[in-house]
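In: Sequence first, then the predicted structure:
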Amino acid sequence: MQNEKSVLLRFADKEYVNWLRCASSFVVLKEGLHDYTQDGVKRLHDNVKHSVTSKLVTQYECSDCSWKKIHQHKKPKLDWYIKCNNRICNVWLSEILNRHNEPQCKTINWCNADITKWSTEPWEIAKIYMTKGQSNKVNLPQELDSPALLSLLKYCKEFDPIHEPLVSKIIDTRNKVLHSPDQRVSDTDKNTWMDNMVSLVQKLNIKGEVCNNICKLQTEDIDVRFRDQELKVLQNLASEIRNEVRALKDDSESLKNTQNEHREEIEKVKGSLAGDKEKIIGLHTQTEQLEIDLRGQKSQMESVINTRGYRRHAKLPLAHWSYVKPISQQTGGEKKSWQSSW
């Protein structure tokens, strides 16, 4: 009895019913996008593969690489590249990015896909344009959530980019509906959001009853007989939340792995610095020894100069030294000449 009363109270709340209408519309929209995206992804894969095979005449498949080999240049452009020993994957990567609306974006989710299947599985390419958290086992639109399919429409040029602003609005709407703290939506927001969904369905020319079903949800009365649909909506939202949690968990694991890699690099740098310090100390010791040796050689040279008769003017550098006979061996004329030369 208590449970039945709470159900009646929920459906008596107009703004909760508005929230339920919007959430139900996303379920309908997603189902309508299945065939549309399936055709688009097949077309995407055919075009990418055709471009790749025209550039790679002999071999266009690589089984050695993974998404972990994909990196991004920091300067001057944020270009992506793959460290592929076979020089194959970068050709695929280039064609995929040529069809991305934001090819230098830092948040391209390479981890969604299996690179080794780019040549055979269309959805392994399509998942590059989607939100994070898409399983490598997913190869059908029915197995994806609405944010993934909407993200594909937004970022992949194979789907007409002219609709990107409208798709972005619908993605924003979905986030507001899913993360609504009280699950309540005003009449104004409900009408605006659902009108946008109808407009997108019409512009994409999606066949079937998708448009009519969204319009019915927007206008028809909803009461407790809608409980089955309510359950479906809640199950769908729970599934999407699980996907988001899984993506966050993957991010957390990735950060941990990155931290561990950085720690290892720091330890290597410390070890290298310790070795450099020992080298510096050794070089310092060698330098001191060389200075001692040079002072000794200088003393020997000065001794030779004094004993063999080398003389130089005090202001002249060493290169201007000259040799003259010792005074005891000079004649009067030579002595006079020597004295006048200074």
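Out: Received the coordinates, thanks.

In: Report pLDDT for E124.
Out: On the pLDDT scale, E124 is placed at 90.

In: That one contacts W118, correct?
Out: Yes - using CB atoms under 8 Å, E124 is in contact with W118, at 5.7 Å. Quick note: C-beta positions are derived from backbone N, CA and C, even for glycine.

In: who's more crowded, those two?
Out: For E124 and W118, the more surrounded residue by other CB atoms under 10 Å is W118, and the numbers stand at 26 against 21.

In: Next, count neighbours for the spatially closest residue to that one that is not a sequence neighbour.
Out: Among residues not flanking W118 along the chain, W92 sits closest, at 5.0 Å (CB to CB, 6 or more residues apart in numbering). Other residues near W92 number 25, with proximity taken as other CB under 10 Å.

In: What of V233?
Out: V233 sits with 21 neighbouring residues when counted by other CB under 10 Å.

In: Disregarding flanking residues, what is the spatial nearest neighbour of it?
Out: V233's closest residue in space is A23 (CB to CB, 6+ apart), at 4.6 Å.

In: Which element, helix or strand, includes the one you found?
Out: For A23, the host element (DSSP states H and E) is helix 14-55.

In: And that helix, what does it pack against?
Out: Under the contact definition 3 or more CB pairs under 8 Å, 6 or more residues apart in numbering; DSSP states H and E, helix 14-55 sits against helix 89-98, helix 122-126, helix 146-155, helix 164-178, helix 187-203, helix 210-219, helix 227-308.

In: Nearest to S6, out of these?
Out: For S6, the closest of these is helix 227-308, at 11.7 Å, according to CB to CB.

In: average pLDDT for the closest one?
Out: In this model, helix 227-308 has a mean pLDDT of 72.

In: Same check on stretch 45-62?
Out: Across stretch 45-62, pLDDT averages out at 83.

In: Centre of the chain to it, how far?
Out: Put simply, stretch 45-62 sits 24 Å off its chain's centre (CA atoms, centre = their mean, to the nearest Å).

In: Send me it as PDB with only the CA atoms.
Out: Taking Å, rounded to 0.1, in the frame of the first residue of the first chain, the C-alpha atoms of stretch 45-62 are listed here in PDB:
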ATOM      1  CA  HIS A  45      34.900   1.900 -43.000                       C
ATOM      2  CA  ASP A  46      34.600   1.400 -46.700                       C
ATOM      3  CA  ASN A  47      35.900   4.900 -47.400                       C
ATOM      4  CA  VAL A  48      38.800   4.700 -44.900                       C
ATOM      5  CA  LYS A  49      39.900   1.200 -46.100                       C
ATOM      6  CA  HIS A  50      39.700   2.300 -49.800                       C
ATOM      7  CA  SER A  51      42.000   5.300 -49.000                       C
ATOM      8  CA  VAL A  52      44.400   3.200 -47.000                       C
ATOM      9  CA  THR A  53      44.700   0.400 -49.600                       C
ATOM     10  CA  SER A  54      45.400   2.900 -52.300                       C
ATOM     11  CA  LYS A  55      48.400   4.100 -50.400                       C
ATOM     12  CA  LEU A  56      49.600   0.700 -49.100                       C
ATOM     13  CA  VAL A  57      49.800  -1.500 -52.100                       C
ATOM     14  CA  THR A  58      51.300  -4.700 -50.600                       C
ATOM     15  CA  GLN A  59      50.200  -4.800 -46.900                       C
ATOM     16  CA  TYR A  60      47.600  -2.900 -45.000                       C
ATOM     17  CA  GLU A  61      47.100  -5.000 -41.900                       C
ATOM     18  CA  CYS A  62      49.200  -4.800 -38.700                       C
END
